[in-house]
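[1] when you get a sec, could you give me coordinates for this:
(one chain, ligands or ions: 2)
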Amino acid sequence: MSATESLRRDHVLIEKMINALKTISLLLKNGKQIPDSILNQAIDFSINFTNTCHHGKEEESLFPTLEKKGMPREGGPIARMLYEHEITKELANSIVSSTKIYIASGEQTELVKSIDDYVQHVSLHLSKRNQRLLLWLICYLMTKKH
Ligand SMILES: [Fe+2]
Ligand SMILES: [Fe+2]
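    Ligands and ions are numbered 1, 2, ... in the order given. The predicted structure follows:
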């Protein structure tokens with residue numbers, strides 16, 4: 001599997017998790033209880049798959065390759081993507097802390113807010129505009145002379 005295909009497949013999985021988080025948020029808003037195991041699985045995916053594995057592939061492989069081809073790290077699409085990854089990490093941490101509160105007390109307000117913020121941010125990061133940008137970066141990478 002090519003590196004770009006691997007990234008595309010990751011995005012499909014991340015979109016599925018975003019849809020699961022939307023459902024969790026909706027259920028919480030409707031007063032339903034969410035089992036700890038479901039919340040812990042969502043957190044595990046968001047931290048270990050999205051942040052570490054997927055963003056790792058982009059940050060340690062795709063972006064450095066683009067830089068080697070002459071794309072600047074500062075002030076362009078790479079800087080924008082790195083910034084958005086940092087925000088993703090912070091928002092995932094908010095889900096972790098609000099999940100602890102929810103599990104300890106049943107209080108769901110913070111958890112709903114942190115899930116909704118995460119969903120909104122990651123959805124934008126995976127939006128068509130950003131996907132077009134990623135495709136443009138990949139085309140740039142493939143056509144630029146060595
Ligand atoms: Fe990505
Ligand atoms: Fe990304």
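[2] what sits against residue 107?
    Counting by Cβ atoms under 8 Å, 6 or more residues apart in numbering, residue 107 touches residue 101. Using the backbone N, CA and C atoms, a C-beta is placed for each residue, glycine as well.
[3] please, which helix or strand holds it?
    For residue 107, there is no host helix or strand (DSSP states H and E).
[4] can you list the buried residues in the longest helix belonging to the chain?
    The longest helix of the chain (DSSP state H) is helix 77-105. Going by neighbour count (16 or more other Cβ atoms under 10 Å), the buried part of helix 77-105 is 77-78, 81, 84-85, 88-89, 91-95, 98-99, 102.
[5] for it, what is the distance to the chain centroid?
    Chain-centre distance of helix 77-105: 9 Å, with Cα atoms, centre = their mean, to the nearest Å.
[6] for it, packing partners?
    helix 36-44, helix 63-68, helix 109-125, helix 128-143 (3 or more Cβ pairs under 8 Å, 6 or more residues apart in numbering; DSSP states H and E).
[7] please repeat the previous calculation with a cut-off of 10 Å.
    Packed against helix 77-105 by the contact rule (3 or more Cβ pairs under 10 Å, 6 or more residues apart in numbering; DSSP states H and E) you find helix 3-29, helix 36-44, helix 55-57, helix 63-68, helix 109-125, helix 128-143.
[8] now stretch 124-137: buried residues?
    125-126, 130, 134, 137.
[9] check stretch 107-125 too.
    In stretch 107-125, counting by 16+ other Cβ under 10 Å, buried: 108, 110-112, 114-116, 118-119, 121-123, 125.
[10] which residue in those residues has the weakest pLDDT?
    Among the buried residues of stretch 107-125, residue 125 has the lowest pLDDT, at 91.
[11] for the residue lying closest to residue 54 once chain neighbours are set aside, give me its contacts.
    Nearest residue to residue 54, sequence neighbours excluded (Cβ to Cβ, 6 or more residues apart in numbering): residue 10, at 4.4 Å. Residues near residue 10 by Cβ atoms under 10 Å, 6 or more residues apart in numbering: 49-50, 53-55, 57-58, 126.
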